[in-house]
Each structure stands twice: as C-alpha cells, then as structure tokens.
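S.K.: build me a model from this:
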Amino acid sequence: MEPSSDQQRHIDECIPTQSTANPTTKIQQAAHPGVPPPGAQFEYLNHPADIILHSWGADLPSSLCNIALCMFGYITSLESISTNEAESFEYGSHMVAEGHDLRSLVYSFLDEWLFNFHDTDFVATTIKLDEINLDKWIVVSSGKGEVMDISRHPQGMEVKAITYSGMRIDEKEGRVDIYVVVDI
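M.R.: The predicted structure follows:
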C-alpha cells in the first residue's frame, strides 16, 4: 500500500534535512498516546481496521529503533515514561530478534519488543541496537524506560499483534522508511 501524495508530502516534511546515522534514538516526549512528539521520526497512518506504524531514519538501525518507539508511543504517552535503570537492565536488555530475510527480521524485532511489553509491561523510550547482522538476520537490542503503571501512565490503544500485511521497507540512499500494520 503506497502512501497517498498528501501522506508522502507529510512524510517528506517530517524528515529532517540533516539526519544522523546514530542507531540510538531518544525521542522528545509526546503529550498523549498515539501522538508523535515534535521531532520524532515516526507517525501513525490510518488503516480501515488497524493502524499503520511508519518510521524513518538515515539508515536501517535508526528506522528500526524508531518503529519500536512508534509502537510504544501508541500504547502510552512516552512523556510519562521515565528511565528506571534497574527495570531497564532487567526488562530491556538483550532483546534478540532473528529472521530469514529483512521483512521477517523487522517483524521479529517488533514482535520481541511487543511480547516483552505484554510479559513485563516495560515501555522503552530509548532503543539501541547492540548488534545487527544482515548476513545471519539477527538484531540484538536494548532499551531504557520503565514498567508501565496504569495509575501514572495514560493508557493508549492495546497493540495485540504485529502483522506482515502491508509491511514495507523502502531503502534509499540516506533514508530508510518502514511501514508496519499492527493489530489493535
């Protein structure tokens, strides 16, 4: 599913003219779940039944980090999440995703973070790729954040599952866009 010309124009306007190839992404804070903060390199696109997560970055590692942050930003307000070093170490360390091609690797990467959230309620606001091996289709990542507490963190939409439906990875020189439909 290609974005409309209006969506593509919006995407192009959101991409900074000078981007860094740093595979660690710390976003500015969003006020509400499902609302990207200023300067974020992700957005939410409409889908008839679900939601499309769209991230971009200067390279694949940056865009991968951004797509996970995009998912977490739909679940809760990232503004309300602090960094708890102990919880980050316990719940956000050494997330291993494996695939057999790029699409399955993106799927597995998001699915590991979503499974971790469903198991521990841990929400990351910073994601770092510790290793990416495209010959073996492995990504190892870690994140900093804290465990979601419904009394302190607003509840957005539940993300039930990652899907392959409409998944797209567009790689151009200096920019990688990832589109993933998630089941809400």
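
S.K.: which strand in this protein runs the most residues?
M.R.: Ranked by residue count and defined by DSSP state E, the top strand of the chain is strand 122-133.

S.K.: helices or strands next to whichever helix or strand residue 143 is part of in the packing?
M.R.: Assessed by DSSP states H and E, residue 143 sits inside strand 138-147. Counting contacts by 3 or more C-beta pairs under 8 Å, 6 or more residues apart in numbering; DSSP states H and E, strand 138-147 is packed against helix 60-75, helix 85-91, strand 95-98, helix 102-120, strand 122-133. From N, CA and C alone the C-beta is placed, and that goes for glycine too.

S.K.: now the last one, how far from the chain's geometric center?
M.R.: By that I understand strand 122-133. Relative to its parent chain, strand 122-133 has a centroid offset of 9 Å by C-alpha atoms, centre = their mean, to the nearest Å.

S.K.: the strand holding residue 143 versus helix 60-75: what angle between them?
M.R.: Angle between the axes of strand 138-147 and helix 60-75 is 30 degrees (criterion: axes from the mean of the first three to the mean of the last three C-alpha atoms, to 10 degrees).

S.K.: name the residues that touch strand 138-147?
M.R.: Applying C-beta atoms under 8 Å, 6 or more residues apart in numbering, the external contacts of strand 138-147 come out as 64-65, 68, 72, 81-85, 87-88, 91-98, 105, 108-109, 113, 120-133.

S.K.: that strand vs helix 102-120, what angle?
M.R.: Going by the same axes, to 10 degrees, strand 138-147 makes 30 degrees with helix 102-120.

S.K.: tell me the strands beside the next helix or strand after strand 138-147, with direction?
M.R.: Sequence order places strand 161-162 as the next helix or strand after strand 138-147, per DSSP H and E. Sheet pairing of strand 161-162 (DSSP bridges) gives strand 175-183 (antiparallel).

S.K.: so which bits of the strand it pairs with are buried?
M.R.: 175-182 (16 or more other C-beta atoms under 10 Å).
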